[in-house]
Structures are given as C-alpha cells and as structure tokens.
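Asker: Kindly generate the corresponding structure for this input.
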Amino acid sequence: MFNSMKPILALIDILIFAFIASIHFYWAFGGRRWSKLAIPTSSGSQQKPLFTPGPLSTMAVGIGLLCFAWILAVKAGFINSSLLSDSAITYISIGIAIIFFLRAIGEFNYVGFFKKIKQTEFGQMDTRYYSPLCLLISFIILVINYY
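Answerer: Model (predicted):
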C-alpha cells in the first residue's frame, strides 16, 4: 500500500523542508514576521526568548533543512547522486527521522509534546503545529525507508 505512495510522501517532506528553509532564509536576511513564535520563551508575565539566534546560525539551519530535502529527493529517486551510497542515504535519512522524532518528544520543559511550559505563545504553537509536524516528518521518512 505505502509503496506506491512513497514518491508522494517524499515530496510532502521535501516541500515541508523547503518551506521551512525559506522561512529561515527570510529571517536570516532580516525578516521578522513569525520570528517571535519560533523561539521558546520563559514563562511568566515577561516572556523572554531563551536564546537569540543570529543570521549565520539561522542561515545554517536553512541550509541544513535543504540538505535534508536533498537526501529525501535522492532516497525517493527524484535525483541521482554519486556523492553518497544508497546505504549512506538510508542511514542519513533514518538519522533525520530520529532527529525529528526526538524534537517532537522534546526536552520536557519548553519544547515537544511533553513540555511543562505550555502557556506561552511558542508553547501553544509547538503543541498545535510544530511537534505534530515533526512527528509527521519522522513518520513519513520511516515509511519511505521501511515500506
């Protein structure tokens, strides 16, 4: 059943990675829209960001997300690559799935399904959108690899 859906599922993850990468590039070049919703904040009346990423680190995240998209495009057979073996592509894609699964679980305080701080703007967005999206990304990659 999943075998015929693999290209569609891979394309979904590729488009998700490309979209999220484009948002990171927007932020890296000075855009501010949605940026306050993307960083965990402390709880209380003055919700302060837990960290302030600079343009280079934001750009690095965007490039990393595009690399993830590239790995899945190779895995799905959309593009050919002689840079990495098929087994390396498989191991890397499984690693990506693990990263996003762990992100969905979180660190139990500010991020993930099991976070304690849920009432901040970020916490609500994370519960509603970010963590479920990370779980979906992980699930799709596992389906692509194992079915």
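
Asker: Who are the packing partners of the top helix by length along the chain?
Answerer: Of all segments of type helix in the chain, defined using DSSP state H, the longest is helix 6-28. The contact analysis (3 or more Cβ pairs under 8 Å, 6 or more residues apart in numbering; DSSP states H and E) places helix 6-28 against helix 55-75, helix 131-146. In this view, the C-beta of every residue, glycine as well, is placed from N, C-alpha and C.

Asker: May I see those helices organised as TSV, with mean pLDDT added?
Answerer: Shown next, in TSV, are those (pLDDT from 0 to 100):
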stretch	mean pLDDT
helix 55-75	97
helix 131-146	96
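
Asker: Reformat the ones you listed as CSV; add mean neighbour count and distance to Ser35.
Answerer: As requested, these are arranged in CSV below (neighbours: other Cβ atoms under 10 Å; distance: least, Cβ to Cβ, whole Å):
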stretch, mean neighbour count, distance to Ser35
helix 55-75, 18, 9
helix 131-146, 18, 18
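
Asker: For Ile8, which of those helices is the nearest?
Answerer: Nearest of those to Ile8, taken as Cβ to Cβ: helix 131-146 at 9.7 Å.

Asker: Now do the same for the closest residue to Tyr26 other than its chain neighbours: helix, strand or coil?
Answerer: Distances taken as Cβ to Cβ, 6 or more residues apart in numbering put Arg33 closest to Tyr26, at 7.6 Å, once the chain neighbours are dropped. Following DSSP: H, G, I helix; E, B strand; the rest coil, Arg33 is assigned to coil.
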